[in-house]
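Novice: build the 3D model from these lines:
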Amino acid sequence: DRELARARIAASAPTAVSSPTTVIARLMSVIRRTEDGARLDWVIDADPHIRTRIDGDDLTEALGALLENAARHAATRVSVLVLRGGLIAEIRIEDDGPGIPEARLDDLTRRGTRLDMAGPGTGLGLAIAREIAEAAGGGIHLANRHPGLRVILSVPISNLTAS
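Specialist: Sure thing, here's the model as predicted:
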């Protein structure tokens, strides 16, 4: 199933287009109503003119997993920044939670890897987000912020207009 999904994403990439700002707004309307999302200060700074070369549903799935993780682990605040870096859009999600042990950062984007065994989750969210980003021609990068974690989802820019 994973390989079929990757092939579908890669095949649709040249004509796919989405607005990260729109996707984030839709996700935030849901996440802010959850227990974790409601207790946090959310700061969103997204260029509304950026369009990405990825299907909107795929971007929603990837960002949904990343935003849910940030909400679960943040102490008081999550910020989301969308900016253009040449031919790549960077979607940066930063929380003020405990971060991740440096030695485990690379492990977390592998399927089934979890650090918080007490909380909900399957260890699939970060892996799925990585697979979606890579299939679209982008990637994912995790780094500690002290305090907190920064996750950068990068996806190619589109010159097409989002529908």
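Novice: got the buried residues for stretch 136-148?
Specialist: Across stretch 136-148, burial judged by 16 or more other CB atoms under 10 Å covers 136, 137, 138, 140, 142, 148. No exception for glycine: its C-beta is placed from N, CA and C like everyone else's.
Novice: dump the residues you listed to TSV, plus distance to residue 125.
Specialist: Compiled in TSV, these are given as follows (distance: CB to CB, whole Å):
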residue	distance to residue 125
136	17
137	21
138	17
140	11
142	12
148	17
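Novice: farthest pair in the residues you listed?
Specialist: Maximum pairwise distance among those (CB to CB): 27.8 Å, between 137 and 148.
Novice: let's see which of the buried residues of stretch 136-148 end up in strands.
Specialist: Taking DSSP state E, the ones among these that sit in strands are 140, 142.
Novice: quick one: which of the buried residues of stretch 136-148 is nearest residue 98?
Specialist: Nearest to residue 98 among those, counting by CB to CB, is residue 148 at 7.8 Å.
Novice: dump the residue contacts of that closest one.
Specialist: Residues in contact with residue 148 (CB atoms under 8 Å, 6 or more residues apart in numbering) are 74, 75, 94, 95, 96, 97, 98, 99.
Novice: ok, the first one - how many residues close by?
Specialist: Counted by other CB atoms under 10 Å, the residues lying close to residue 74 total 25.
Novice: how close does it sit to residue 150?
Specialist: For residue 74, the distance to residue 150 equals 12 Å [CB to CB, to the nearest Å].
Novice: also residue 33?
Specialist: From residue 33 to residue 150 the distance is 25 Å (CB to CB).
Novice: the more surrounded of these two?
Specialist: A direct count of neighbours by other CB under 10 Å for residue 33 and residue 150 places residue 150 higher, at 17 against 9.
Novice: contact partners for that one?
Specialist: Contacts of residue 150 by CB under 8 Å, 6+ apart are 92, 93, 94, 142, 143, 144.
Novice: turn those residues into TSV, columns for pLDDT and distance to residue 155.
Specialist: Shown next, in TSV, are the contacts of residue 150 (pLDDT from 0 to 100; distance: CB to CB, whole Å):
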residue	pLDDT	distance to residue 155
92	98	12
93	98	13
94	98	18
142	92	16
143	93	18
144	93	23
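Novice: could I get the residues you listed in a markdown table, plus columns for distance to residue 59?
Specialist: Output for the contacts of residue 150, formatted as a markdown table (distance: CB to CB, whole Å):
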| residue | distance to residue 59 |
| --- | --- |
| 92 | 15 |
| 93 | 13 |
| 94 | 19 |
| 142 | 18 |
| 143 | 21 |
| 144 | 25 |
